[in-house]
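Novice: Quick one, structure for this:
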Amino acid sequence: MAGTKIKLKDQLGRVVRVGGDGTNGATVGKDLRWPDGSLVQESQVRNSGGQAGGSSGSSTGGSTGGIASTVWRLVREVPANLQKLAALVGAGLAVRGSDGTWHQRSIAAGEGIQVENADGAAGDPVVSLAPLVRPAAATVSALRLVSEGADGVRHLDPTDAASVAGMLGISITAGDAGSAISIKAGGSIDDAGWSWSPGFVFAGPNGALTQAPPTTGWEIVVGYAPSPTRLNLTFDEPVKLA
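Specialist: Numbers count the residues shown, from 1 in each chain. The predicted structure follows:
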């Protein structure tokens, strides 16, 4: 039998025989045509933002937001992994299980942890420490260093050893006795009312924040101000002054 043997791209070493009267096939952009007879252009069958389907402009793969979908009907034997991945619906992080199935996950908040953009749809997920919440033992102002005792939190007194030992963090809300006070024990705080110079920030009288180093009691470095309105919290070990 006249013709040419062509090896198939598989693991079995199989071949097919093409007869002598066979054609050389078709080339995209030259002589490969859609069912309606129009010439298939490269821009119609690659993921470049165009649509595919023929001269009428109808889409065989679909287009969302100007990004063309793969024309799956032109791809033979689509891998099962890709089919399962394409079948996912909704927003989330794609995760492949040990059994080959695909799942959509999101980063969940836990105790003391808060998460922004957990599913990644609106931007990169951001994980940070959540504010602590404690009852106020007395009236508490915002942006004060507070100390925790058995009855709740109150402004820290840097001259009192027991108050220093109970140091918890910076209040970011205010309230009277019994109110729930939100407190940051790490990370950064921004406040437009501040006007820091670049440098360390210390605990002052009644929990006030100051850049003047104390001369009596305990020296407590609360953090570092990299700009006029930002404080990066560090809470160094308190140092007893002579």
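Novice: Walk me through which strands the longest strand along the chain pairs with, and which way each runs.
Specialist: The longest strand of the chain (DSSP state E) is strand 221-227. Its sheet considered, strand 221-227 pairs with strand 199-203 (antiparallel), strand 230-233 (antiparallel) by DSSP bridges.
Novice: what's the shortest one in contact with?
Specialist: Right, strand 230-233. 169-170, 184-191, 194, 196, 201, 209, 222-226 (C-beta atoms under 8 Å, 6 or more residues apart in numbering). From N, CA and C alone the C-beta is placed, and that goes for glycine too.
Novice: Adding mean neighbour count, write the strands paired with strand 221-227 out as JSON lines.
Specialist: Shown next, in JSON lines, are the strands paired with strand 221-227 (neighbours: other C-beta atoms under 10 Å):
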{"stretch": "strand 199-203", "mean neighbour count": "20"}
{"stretch": "strand 230-233", "mean neighbour count": "18"}
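Novice: what about dumping the CA coordinates of stretch 213-222 to CSV?
Specialist: Extracted in CSV, the C-alpha atoms of stretch 213-222 (Å, rounded to 0.1, in the frame of the first residue of the first chain):
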residue,chain,number,x,y,z
PRO,A,213,12.7,60.1,77.3
PRO,A,214,11.6,59.7,80.9
THR,A,215,13.9,60.5,83.8
THR,A,216,12.1,58.7,86.6
GLY,A,217,10.2,55.4,86.9
TRP,A,218,10.4,53.0,84.0
GLU,A,219,11.6,53.7,80.5
ILE,A,220,9.2,52.0,78.1
VAL,A,221,9.9,52.2,74.4
VAL,A,222,6.5,51.8,72.7
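Novice: please renumber so the chain begins at 45
Specialist: Let's use 45 as the start, then, which means that last one is stretch 257-266.
Novice: What about S271, how many residues nearby?
Specialist: 12 (other C-beta atoms under 10 Å).
Novice: ok, now A286?
Specialist: 4.
Novice: separation between it and G213?
Specialist: Using C-beta to C-beta, to the nearest Å, we find A286 at a distance of 27 Å from G213.
Novice: ok so, going back, looking at the strands paired with strand 265-271, which is nearest to S82?
Specialist: Among the strands paired with strand 265-271, strand 274-277 comes nearest to S82, with 60.2 Å by C-beta to C-beta.
Novice: mean confidence for the closest one?
Specialist: When pLDDT is averaged along strand 274-277, the result is 96.
Novice: same question, stretch 79-96
Specialist: Rounded mean pLDDT across stretch 79-96 is 71.
Novice: Could you export the strands paired with strand 265-271 as TSV, including distance to T71?
Specialist: TSV is the format used below for the strands paired with strand 265-271 (distance: least, C-beta to C-beta, whole Å):
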stretch	distance to T71
strand 243-247	69
strand 274-277	61
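Novice: Tell me which of the ones you listed sits nearest to Q127.
Specialist: Across the strands paired with strand 265-271 (criterion: C-beta to C-beta), the nearest stretch is strand 274-277, sitting at 48.0 Å.
Novice: can I get the CA coordinates of the closest one in PDB?
Specialist: Written as PDB, here are the backbone C-alpha positions of strand 274-277 (Å, rounded to 0.1, in the frame of the first residue of the first chain):
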ATOM      1  CA  ARG A 274       2.700  56.600  61.900                       C
ATOM      2  CA  LEU A 275       3.900  54.600  64.800                       C
ATOM      3  CA  ASN A 276       5.300  51.100  64.400                       C
ATOM      4  CA  LEU A 277       4.800  49.200  67.700                       C
END
